[in-house]
Structure formats: structure tokens, C-alpha cells
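Participant: prediction below, plus the sequence it came from.
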Amino acid sequence: MTPSNLDHDLFLLRYAGEVTTKGKGTRLQFQRRLGRNIQRALDSTGLEGSRVEREWSRIFVRAPKAAAMEVLPRIFGLQSFSPVVSRPWKTMEDIVDAGEELFGDQVVGKVFAVRTRRGGDKKWVPFRSAEVDRALGDRLYERSAGVDLENPDVWVRLEIRLGEVFFFQQSLASPGGLPLGTEGRALALVSGGFDSGVAAWNLLKRGVQLDYLFCNLGGTAHLEGVLRVMKLMAERWSYGYKPRLFAVDLQDAVAALQESTNPRYWQILLKRLMFQAADRVARRLRVEALVTGEAVGQVSSQTLRNLRVIEDATDFIVLRPLVGLNKDEIIDQARRIGTYELSAVVPEYCALEAKRPATHARLDDVLAEEAKLPEGLIQQALDRSEIIHLTRLDTADLSDPALAVDEIPADAVVIDLRSAIAYEGWHYPKARHLDYFDTQRSIQNFDEGTTYVLYCEVGLKSAHAAEILRRHGRTALHFRGGLRSILRYTAEQDAALAALASPVWFGD
């Protein structure tokens, strides 16, 4: 089924600055990889018919608005993008006429500004950008409330190329960085908390493909919490490859530490066991580095001395992108990338708390304690490990299946739990927006006699929010599969519904 009733619009994409500064050969390699990542990102929404065209200085995408607005803000290697309207031109008068047609009604009673850029080879544009600014500005001025070049109510932006001009109002941010997959592969140790998810994101931004290692200390509940976080990372930030999570149960190792070693060294010894497990998995995967969410001084095992002692357990380079950040800075990043809500409900699992943990351990002392542990402890854990392909993981397996629906009842109220920016870009017709954490604080605003259907990015937050509402006596469901599923569901409905759902870029 091709959901053609969701309009395909044109988007102009700008390369991140670091891509454009590379030498010609490297830049072409990066641009090819970025083009493939963009196509795969658009295809991942389930809406078909998207097309990506690369040029030396720009990328053009023809795609459904809903698909483009969902993925383009999360593709590494892009600096920004704009929904554009294209018009042909032969003379500057053609450009001015088209600009008046598109923006004449927009500037009525408002102050505006015109900004023109000549793209491509400027020799094919026989006039300067400032000339277009003045000519179109003069034409629009009579309808407007004046001009403000710093803070206008309406931006009128143009990019002129040979025979074609693109009009747009806004430039929307993408994350920048390097195209994912251009800087090799690494293995990230994750716990489901704020730190490891943010650390992974920062390495993905640098173009590094990641697989993940989770050392389980808390059984099934802990694993499910981690899978919720990493599923979101895989679906929303890992366009271009399919990450795996290696789940290693270290509960027996914890018991052995408690039984055989000095409590002062428990945390350091546990981290060394994790690094030993990571070292073996990394060798099997032939990656270049390990990644952790450690920050200097955050806990007793993260003093400089202890970090050095722990790192001695592996020959791999250990990358710590959060090493100099405060906790509040890490949490702010978690909010921005979308993992905060899921990480906030992952409990800390550790039975290895000591009254006076070693903060400046000597390697010889730690090795002496480590020698007390049974041989083969890590290999036994790895032999029982589980490999989880995150993009194949069915999120319905992580929640009560009775709460999930594949269609929306006619009388249901639909709630969108994504960010405000994502909601503005596209939302199910007449859906209300609600912050995930406001669900529990706003129970009194949910009527007992109403059916609510919630959806989010990948179906994890919506499932948890539905569970909360059910516990308070409300009738709540969540849309199975998250945004991808509800986009396809919308496309299968009435074409008029799809039109209502699409944002209007050149209207009030």
C-alpha cells in the first residue's frame, strides 16, 4: 500500500559545516553516506515515494510532510532544512511576481524582511542578491506594516539557482555533526540511565555507529527498562544502520564479589568486570573503541585514579564524551534527545554499596582482590548472553498487550505525547498535545467516561502513560508501534483527514 494521499512536498537541506570543510574525496564520500541515511530515515516512517537528490552544496528531498518533519531534525550531518516552494524564472521580474504571489497576503498588517541567496554557480544569476531584496521588498511594502530587518513578523527567504527559485519562511534545525557511519564503529556500555544514553548520542553525532552492551544487575525489569531507552535511540537517532544490544547477566558476578572480596573495592571490581565483558564482545565485533557515560567525580568509582584502574581491564580506547559535564547538563541533553522520560523511570540496580568505598584505589590492591573471584566468571556470563536487534524489537512485548490498539475508536480523544515541536510539525487530526510527565499530574483533567488513545515516537511512553491512567480508573489505550504506525493509519484514512493533519507553511 502506497499512502499517496499524504502530500509530497519539497524540502531544501543544508550540509553541516564539518561536511563542507572536508577535502573533495572525503566530502563526496560523506555526502553519499548522508544521502543514503536520509533515504533510509524517510523510508523508516512507512510512507513511500520519498526521493533524495544530492548536489554539491545542497540536498533536495521530495517527501510527505509528515515523514520529512519527523526525521529531518534527527539526521546527523545536516545543519538545517526548510520546506520550500519552487518556481521557474527567466527574469528577475518573474522572481518578484512569484514572491508577491506567495507572500503578499502574509505580510498584510505585519512587518517583514527579505533575504536572498544565490545558490550554485552565481554566474548563471545575472543580478545581485541585494537587488532582489530591494525589488521584492518594494513590491510587498505597500501591503505591509513596514520593514524590520532584525526581528520581522514574516521572513521572506529566497534561494535562486539556474532557472529555479526556492521560497521559504524558516530554517529548521538539524543536529549537525558527521553522517552516521563515516567514523567507524564502537561498542557503548549502557545502563538505561541518563548518562549512557546521552553519551551514546554524542558518539552517534560524531558519525560513529554503535552497538550496545548492557550488563544486567536487576533481572527482567531492569532489562525491559534499558530496552525502552535503547529502542528509542535505535528508532529515532540511528538512521542508516541497525544497532544490536548484547545483554549480559552479571547477577552471579555480583554475588561472587559480595562473597569473596573487600567491600571497599566492589564498585571498581564490578566496573572492571563490565569492561572485561565489553572487551571480549568488542573483539568479536571488531570495533574500534568502547564508549561509557562516565563523568569525572560523579560517583566514587569515577575519580581520576579509579577511572585509570578500571580502564586497565581493556586494551581498547575508552571514549567518555560526558567526562567534563555536570549532572544537570547531562539531564538537559537527555530532555533534548528524548530519552529523559524513559530513563527517569529506570531504577538504579546495585547491591554493591559500601560504607567507605575506595576513591583512590591502587591497581595492585584491586588486582589482588580480583584474583579472589572464580575463574571463567565473565565467559560464563557471555555464554548465556542475549543479542537483541533493536529495530526488530516489538515494543508491544514491553507493555501490557491489552492496552495496545491498531485503530482509533470513533469517539476517542487522541493524545500526542511527543515534543511540542514534533506536534507542530505533524499530528493526528484533532489530537491534543500533552507533555509525558503531565499525564500523572493531570489525572483530574481526564474524564472517567471518555476513551483516550495515546501515541508517542515508538510506542513506549504512550504505553506507560496509558498504564498510569488505567490505574486511576480512566479508559486509556495506546497506539501500537508509535508514530510510524499512526502515520500509516492516517494515510489509509480519508484524504481530507491527511490534508488537515499536514502543517501549512504559507498560511496563517
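Facilitator: Structure received. Residues are numbered from 1 along each chain as shown.
Participant: count of neighbours near residue 244?
Facilitator: 19 (other CB atoms under 10 Å). Every residue, glycine included, has its C-beta placed from N, CA and C.
Participant: tell me how far it lies from residue 184.
Facilitator: 16 Å (CB to CB, to the nearest Å).
Participant: from the middle of its chain, how far away would the longest strand anywhere in the chain be?
Facilitator: In the chain, taking DSSP state E as the definition, the longest strand is strand 78-88. Here the centre of strand 78-88 is set off from its chain's centre by 22 Å, with CA atoms, centre = their mean, to the nearest Å.
Participant: hmm, who's touching that strand?
Facilitator: Contact partners of strand 78-88, identified using CB atoms under 8 Å, 6 or more residues apart in numbering, comprise 9-17, 34, 38, 59, 61, 65, 68, 72-73, 94-95, 98, 102, 157, 159, 163-176, 505-506.
Participant: can you get me a residue count around residue 79?
Facilitator: With other CB under 10 Å as criterion, residue 79 counts 18.
Participant: and residue 376, by the same measure?
Facilitator: 10.
Participant: and what of residue 163?
Facilitator: 10.
Participant: that one against residue 89, yeah?
Facilitator: Yes. If you go by CB atoms under 8 Å, residue 163 and residue 89 touch, sitting 6.7 Å apart.
Participant: and the closest residue to residue 144 other than its chain neighbours, how far from residue 129?
Facilitator: Computed as CB to CB, 6 or more residues apart in numbering, the closest residue to residue 144 that is not its neighbour in sequence is residue 107, at 4.1 Å. Look at residue 107 and residue 129: by CB to CB, they are 19 Å apart.
Participant: who has more neighbours, these two?
Facilitator: Using other CB under 10 Å, the more surrounded residue of residue 107 and residue 129 is residue 107, with 25 against 17.
Participant: now the strands for the stretch 401-508 of the chain?
Facilitator: Along the stretch 401-508 of the chain, counting by DSSP state E, counting those that start in this stretch, strands occupy 404-405, 413-416, 432-433, 451-455, 475-479.
Participant: in JSON lines, list the ones you listed along with mean pLDDT, mean neighbour count and distance to residue 26.
Facilitator: Shown next, in JSON lines, are these (pLDDT from 0 to 100; neighbours: other CB atoms under 10 Å; distance: least, CB to CB, whole Å):
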{"stretch": "strand 404-405", "mean pLDDT": "90", "mean neighbour count": "18", "distance to residue 26": "46"}
{"stretch": "strand 413-416", "mean pLDDT": "95", "mean neighbour count": "20", "distance to residue 26": "41"}
{"stretch": "strand 432-433", "mean pLDDT": "94", "mean neighbour count": "14", "distance to residue 26": "42"}
{"stretch": "strand 451-455", "mean pLDDT": "95", "mean neighbour count": "24", "distance to residue 26": "41"}
{"stretch": "strand 475-479", "mean pLDDT": "93", "mean neighbour count": "24", "distance to residue 26": "42"}
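Participant: distance to residue 332 for those strands - can I get that in a markdown table?
Facilitator: Shown next, in a markdown table, are the strands of the stretch 401-508 of the chain (distance: least, CB to CB, whole Å):
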| stretch | distance to residue 332 |
| --- | --- |
| strand 404-405 | 32 |
| strand 413-416 | 23 |
| strand 432-433 | 21 |
| strand 451-455 | 25 |
| strand 475-479 | 27 |
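Participant: for residue 288, find the nearest of the ones you listed.
Facilitator: strand 451-455 (37.9 Å; CB to CB).
Participant: about what we covered before: quick one, phi psi at the residue nearest to residue 144?
Facilitator: Per-residue torsions, residue 107: phi -90, psi 0 (degrees, to the nearest 10).
Participant: list the contacts for it?
Facilitator: Counting by CB under 8 Å, 6+ apart, residue 107 has contacts 140, 143, 144, 145, 153, 154, 156.
Participant: most widely separated two among these?
Facilitator: 145 and 156 (14.1 Å).
Participant: more neighbours: which of the two?
Facilitator: Per other CB under 10 Å, whichever of residue 145 and residue 156 has more neighbours is residue 156, with 23 against 13.
Participant: the more buried one: helix or strand, and which one exactly?
Facilitator: strand 154-161 (DSSP states H and E).
Participant: quick one: residues in contact with that strand.
Facilitator: By CB under 8 Å, 6+ apart, strand 154-161 touches 12, 82, 84, 89, 95, 99, 103, 106-107, 110-120, 124-125, 129, 132, 136, 140, 165-171.
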